[in-house]
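Engineer: My questions are about this predicted structure, shown below with the sequence.
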Amino acid sequence: MKRTKASMIASLLLALMLLASACNQATPTAAPATAPAATETEAEPTAAPAEEEAEPTAEPAATGAPVPEIEVLSETQAADPIEFEMTRLMVENMKKLGIPAVHVPMPWMQYSDIVWFERDTWQMTGWRMVGRPERMDPDEFIVNLFHSSTAESGYNFVGYNNPEYDALAMAQRGMTDKEERRQAIYDLQEMIAEDAAYLYVAHPKLPFAYRNDIWDPATIVDAQGIGIKNFWTWIQATPLTDQKDLIVNTSEDVKSINPFYISGDSDSRVTELIWDRLMRVGPDGLTVPWAAESVVWEDELNILVTLRSGQTWHDGEPVTADDVIYSFEIPTTGEAPMYAPFVAKIASTEKVDDLTVRFTLSEPWVAFETASLAKLNLVPKHIWEPLITDLLTVDDNAESVQEETPIGSGPYAFANWKASEEVVLNRFDAHFQPPVADRWIRRIIPNVESALGQLKSGEINFLMEWMGDGTILADAAAADPKITVVATTELGFRFYAVNMRLEPFDDVAFRRALAHAIPVDAIIANIFKGYAEPADSYVSRAIDFWHNPDLPKYPYSLDTARAVLTEAGYTWDASGALLMPVE
């Protein structure tokens, strides 16, 4: 009994000990019931970690939407390897900045239609402005390329809009003091450079070539800022053999033969020969009377223009003062919007007699001879008046007209046009200065190597377009003494055009960043093969009197481009894709 009772007591004590131990492990030790009160210098008891009040968590930084995919248009490689390659290189650099760019090459006819007629859709494109004689004075580029009035349907296809620029662009036209006007033109160039309205690349120094065994070298005219591909060569080139046809090349098909449609360099080479102008810009860059026998400034607002007597249209009808007046009236009707800027300051035209017209300006216009009298094509009223009358009742305008047989009064008359093949013009013997050549034939040859091969074989005898490697042409001339090459720095320029109506191109910071992403020196060295000069303005260094030498520069640097974007609020996601600034 004792033994059993002792055993029971021991078991009970063991159970109590185990229970106490379990309780000590399961719960924290309670504070003494009589804990000392906290003093002023003593902290309150620390709460259990799980019960601490957490610091407010910062919201993730807001990020903008991804920069949209950007299609960059260009000519095809075969047609224009320079534009193709410089665009391809630009697209690669845009990708390095996190911009989802895509190179979309296509034939000129297709992408020029997109840029001209779909102004709210295209984004970015390689482009070129060509050198023309009337562009020796900067007025045409100043007003036509950037004035807001030409954005809807004129040459301001990038959609640039700057009221300060507009005002000064028009004001410079009335500045009779040459130094004052030069400063204004300097300021206008600076505005465009500051706004990065064009992303400049180069002024080409592209070579042209001709067969010196067929054409007398002494009659091939090298015009300032234009080169030997010019109006004066086409009418003065003198054959040395029985081959009397000037056969030239181009990679671009003819889009339109229309005196009121500036559809590009390709077509303008045809229209300038079919339709005459009151004045022409000579090889030295100065205006000379042409269809006009004389141009007399009666005062700073009134100009008396007298036509040469005996001129006829290609259909035999006489050229009269009525034709001249009508030619200058059409752009004021809205039917020829591309030419509207060239008549904007003409207040009135007055017929003095059958051969004399008085132009009265609304205010002085120092570039009137170059930008208007040497720019507008003269058209026969008896042909165009019925066409314009019909057009006034429909949505189309004069740019849509294609005559079956275009009629002008120029030194060459239209003979034939086969789309994608050739345009043939015949010498107009009744002209006051008929060409020496019998015909001017323009062959469409899309491939540059093929064009050179045809020059060597004599199938063409004047290479008026060469978009390939300049050293290849120079080597060909060195190997064949019958080929002469002439290279001249052009008034024209190569650039990237961006549509400022659309995001992100409406942001000047984005445009400036793109300007820093253009490896100009590498493009000139490797793509132009040295046959170009860097461009920083629409005014070429070939006319250094007007070119501003102190314009803002955008030296090539992707790091600088990123810094410009960062400062403007752009960011990048984890994959490196560029994000728009937060609104």
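Structural biologist: Happy to help now that I have it.

Engineer: wait, is residue 233 part of a helix?
Structural biologist: Yes. Assessed with DSSP: H, G, I helix; E, B strand; the rest coil, residue 233 lies in a helix.

Engineer: That one: neighbouring residues, count only.
Structural biologist: Other residues lying near residue 233 total 25 when counted by other C-beta atoms under 10 Å. Using the backbone N, CA and C atoms, a C-beta is placed for each residue, glycine as well.

Engineer: Can you give me the distance of it to residue 287?
Structural biologist: Noted for residue 233: a distance of 18 Å to residue 287, by C-beta to C-beta, to the nearest Å.

Engineer: before we move on, what about residue 168?
Structural biologist: On the measure of C-beta to C-beta, residue 168 and residue 287 end up 24 Å apart.

Engineer: which of the two has more neighbours?
Structural biologist: In this view residue 168 and residue 287 are compared by other C-beta under 10 Å, and residue 287 has more residues nearby, 22 against 16.

Engineer: quick one: low-confidence parts of the stretch 1-150 of the chain?
Structural biologist: The stretch 1-150 of the chain contains residues with pLDDT under 70 at 1-62.

Engineer: All the strands of it, residue numbers only.
Structural biologist: Listed in chain order, the strands of the stretch 1-150 of the chain (DSSP state E, counting those that start in this stretch) span 70-74, 101-105, 124-129.

Engineer: and the ones you listed as TSV, adding mean neighbour count and distance to residue 195?
Structural biologist: What follows is the strands of the stretch 1-150 of the chain, written out as TSV (neighbours: other C-beta atoms under 10 Å; distance: least, C-beta to C-beta, whole Å):
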stretch	mean neighbour count	distance to residue 195
strand 70-74	22	19
strand 101-105	18	21
strand 124-129	24	16
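
Engineer: would you list these in JSON lines and tack on distance to residue 454?
Structural biologist: Formatted as JSON lines, these follow (distance: least, C-beta to C-beta, whole Å):
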{"stretch": "strand 70-74", "distance to residue 454": "25"}
{"stretch": "strand 101-105", "distance to residue 454": "24"}
{"stretch": "strand 124-129", "distance to residue 454": "23"}
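
Engineer: Could I get the phi/psi values of residue 559?
Structural biologist: Main-chain torsions, residue 559, degrees, to the nearest 10: phi -60, psi -40.

Engineer: Roughly how far does it sit from residue 93?
Structural biologist: Going from residue 559 to residue 93 by C-beta to C-beta gives 12 Å.

Engineer: Mind checking which of these two has more residues around it?
Structural biologist: residue 93 (18 against 8).

Engineer: That one and residue 519 touch, don't they?
Structural biologist: Yes. Residue 93 sits in contact with residue 519 when judged by C-beta atoms under 8 Å, with a separation of 7.1 Å.

Engineer: Just the strands from the stretch 301-450 of the chain, written as ranges.
Structural biologist: Under DSSP E, counting those that start in this stretch, the stretch 301-450 of the chain gives strands at 302-307, 346-353, 356-361, 412-418, 422-427, 439-444.

Engineer: Output those in a markdown table; the columns should cover mean neighbour count, distance to residue 75 and mean pLDDT.
Structural biologist: Below are the strands of the stretch 301-450 of the chain laid out as a markdown table (neighbours: other C-beta atoms under 10 Å; distance: least, C-beta to C-beta, whole Å; pLDDT from 0 to 100):
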| stretch | mean neighbour count | distance to residue 75 | mean pLDDT |
| --- | --- | --- | --- |
| strand 302-307 | 20 | 40 | 98 |
| strand 346-353 | 14 | 37 | 98 |
| strand 356-361 | 20 | 40 | 98 |
| strand 412-418 | 18 | 22 | 97 |
| strand 422-427 | 21 | 20 | 98 |
| strand 439-444 | 20 | 14 | 97 |
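
Engineer: which one of those lies closest to residue 199?
Structural biologist: In terms of C-beta to C-beta, the element of the strands of the stretch 301-450 of the chain nearest to residue 199 is strand 439-444, at 29.4 Å.

Engineer: Fine by me, thanks again.
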